[in-house]
Each structure stands twice: as structure tokens, then as C-alpha cells.
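Visitor: coords below, sequence missing:
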């Protein structure tokens, strides 16, 4: 269709206002983009997320929100249908706004605890995926987890099977699978469920007051149902810790188990074995394992009285898995690592065992003094 002079003249009256509003904010948006670009430029390489991690985080967030969104819409729609709110029920199940976009725009997903968990999870998964497949010392010997699944000890066998299931579920989610399991700690799952419920309410709460009240009731009931169904014990990290507790490795058994866990590319089990042996929670041990500088990890291994050979094998595997790690530097420093007495390593790591909130408060005071 041709554009006439009349079309052009009518533009300011019909569609010009939104354009003028957008144009008026262009300077502010350009300044914001510049500020973000400057911050990004001066970030040290070790603090910057690589493209793979950014993509994995985006996929994980999108999957979690979509899972909760779908579950809430489906159950709330069923409730509304039963209560004869048919128009609302139909609206809820129809394609519409992406809830993820709304949560991003509101800044809710910048939540520090949620981002800490997602970043650590993505980096742990990347580390596990990058581990080299190591040929077993005994080729006919089944893998570590296979042996544990077939243990005569039913507690160990059940825990090992739970870990296999959790790993499969996590892998399926990271590969774009669908489901209703976020695999988040309970408090983070709760936040995300209520955020999604609020975003759905905002999107569909139009019309009569009675209809809005019905929508509020249905979404709140659907959210409570989702919260009740969430079992934090099914998480990959929780199942790995249960298996580590069930194994109850002795100091003599632990070095070989750690090496074999990495050789089998079972990074969650490796982390859980360290956590249990050191008396840490899983998150604290994971923080040590995924740190590319690895100074605390070497101290942990010495505190557990590992000698040169298992430390060398662990260090080599992790350096091969993570390109940020300095293989030559590790090879040059292994003599210094092994020379650290176990008692001295345990003393140096004592702050790691403090209550996480206490450590966070200490760090907050330190940052405040530096400012």
C-alpha cells in the first residue's frame, strides 16, 4: 500500500506520541548502555562470565520460570474452570506474555542468593562436563557409581541410585527438557514461585473486581500446591551429600574415592565427599571446588592428609577441565602444596567452617571499611 501525504500528516496525531516518548528516553538509555559497557570492560577476566556460562544461566533461568509458569497456569485454570470462571481459565492457558521477561524487567532475578546458586551450579556443571574420561586402573572394574548402586549395603545403594536419578534430571533440564522441578533450594524455589504468580496476576488481573479476586485465589492456591510438592531432598546436591554420608569414607579410603569420582566425571560426588570429610555444607565445598585459583582446594586436600599422587591426579584433571586453571603453575607449586602440614592447613581453613551468615557479616564489615 502506498504512503500518501495524508498518511504522513496524520502521523503525529495517531502514532507520534509513543515515538516521541521513546525518543525522549534515548539519551538516558545510551548513558546506561555506556555505563554497563565501561563496567564490563574493567572487570577482571576471572570475574567475567564466559559465553558458555551466560548461555547456560539463561537456559537454566528460562527453564525454571517456564516450569513454574506452566504448573501455576495449569492448576489455576483447573480451579477457575471448576468455579465457572471460564473466561479467566481460558485466558490463563492461552499463549501470552513471557513471564521471564517481566521478572527480568522488574529486576527480581538480580536476587543475590538466586544468582549465587545459579552461577555456582553452572560452573560446577561446566567443570564436570570438561573432566577428562580417565581409563580405570582395572579395565574390567565397573565404574564407581555402578559399584555403589550394586552395594549390599541398601543405604549406600539407594543413595547412589538417587544420585543417578538426580544427575539425569539435571542433565535433561540443562539440555532443554521440560518439567516442574527447579532443583533449587527451598527458599529460592519459594521466591521464584511467588514472583511468577505475581507476574501472572499482573498480566491477567483485568476486568471486574470479582474476577480479579477469583484469579488471586486460584493463583495463590496453585502456588501453595507447587511449594508443597517441592522436595529439597531430591536436589542433585542433596542426593550427593546423602551418598557421601552413607559411604562414610575412612581417611585411607578417601583419596582413592576422590580420584575415582573425578575419573568417572562425578563432580557432585567429588564435592560431596570433600564436604562431608571436612564438615562443610555442600555450598561451601562447591565454592572451594569451582574456584579456578584452587588455593583453598589444595589446603582442603592437605587438611584431609592427601599426599602428592592423589593431589597431582586431582589437580591435573581439574586443570584439563577448566581452561582458566594454570596447569604449569600447579605443576611448579605441587611441592609447596604437599609441604603444608595437615594441622596448618586445617587451621588456615577454620574460617570456612564458621556459620555462613557470620562470615557474610564479617565480609560486609570489611567492604565497609574499604569504602
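Guide: Happy to help now that I have it. The model shown is predicted, which means the values in this text are computed figures rather than measured ones.
Visitor: Sketch out the helices for the stretch 51-200 of the chain, chain order is fine.
Guide: Applying DSSP state H, counting those that start in this stretch to the stretch 51-200 of the chain gives helices spanning 51-82, 86-93, 99-106, 112-130, 144-149, 154-174, 186-204.
Visitor: One more: the stretch 201-350 of the chain?
Guide: So, for the stretch 201-350 of the chain - with DSSP H, counting those that start in this stretch - the helices run 209-229, 236-247, 254-263, 267-278, 282-290, 295-303, 308-321, 327-339, 342-348.
Visitor: what angle separates the third one from helix 267-278?
Guide: If I follow you right, that is helix 254-263. Helix 254-263 runs at 160 degrees relative to helix 267-278, counting by axes from the mean of the first three to the mean of the last three CA atoms, to 10 degrees.
Visitor: quick one: contacts of helix 254-263?
Guide: 131, 133-134, 136, 144, 247, 249, 267, 269-270, 273-274, 277, 304, 306-307, 310, 313-314, 317-318 (CB atoms under 8 Å, 6 or more residues apart in numbering). Heads up, the C-betas are built off the backbone N, CA and C, glycines and all.
Visitor: And that helix, what's buried?
Guide: Applying a neighbour-count criterion of 16 or more other CB atoms under 10 Å, one finds 254-255, 257-263 buried in helix 254-263.
Visitor: hey, which of the helices of the stretch 201-350 of the chain is tucked in deepest?
Guide: Most buried of those, by mean neighbour count (mean count of other CB atoms under 10 Å): helix 267-278, with a mean of 25.
Visitor: State the mean pLDDT of it.
Guide: Averaged across helix 267-278, the pLDDT comes to 97.
Visitor: Show me what secondary structure element comes after the lowest-mean-pLDDT helix or strand in the chain.
Guide: When each helix and strand of the chain is scored by mean pLDDT, DSSP states H and E, helix 5-14 comes last, with a mean of 45. Following helix 5-14 in sequence order, the next helix or strand is helix 16-24 (DSSP states H and E).
Visitor: what's next to whichever helix or strand comes after that following helix, contact-wise?
Guide: Using DSSP H and E, the next helix or strand after helix 16-24 towards the C-terminus is helix 26-41. Helix 26-41 has contacts (CB under 8 Å, 6+ apart) with residue 48.
Visitor: got the angle for helix 26-41 vs helix 16-24?
Guide: 40 degrees.
Visitor: Quick one: residues contacting the spatially most central residue of the chain.
Guide: Residue closest to the average C-alpha location in the chain (CA atoms, centre = their mean): residue 118, at 2.4 Å. Residues in contact with residue 118 (CB under 8 Å, 6+ apart) are 57, 60-61.
Visitor: Could you do residue 122 as well?
Guide: 53, 56-57, 60.
Visitor: Equivalent analysis for residue 316, please.
Guide: 327, 330.
Visitor: where are the low-confidence patches of the stretch 201-350 of the chain?
Guide: 207-208 (pLDDT under 70).
Visitor: and the gap between the residue lying closest to residue 114 once chain neighbours are set aside and residue 144?
Guide: Distance criterion CB to CB, 6 or more residues apart in numbering; nearest residue to residue 114, sequence neighbours excluded, is residue 188 at 5.4 Å. Separation of residue 188 from residue 144 (CB to CB, to the nearest Å) stands at 30 Å.
Visitor: Kindly report the same for residue 28.
Guide: 56 Å.
Visitor: Those two: which has the busier surroundings?
Guide: Using other CB atoms under 10 Å, the more surrounded residue of residue 28 and residue 144 is residue 144, with 20 against 9.
Visitor: Cool, thanks, talk later.
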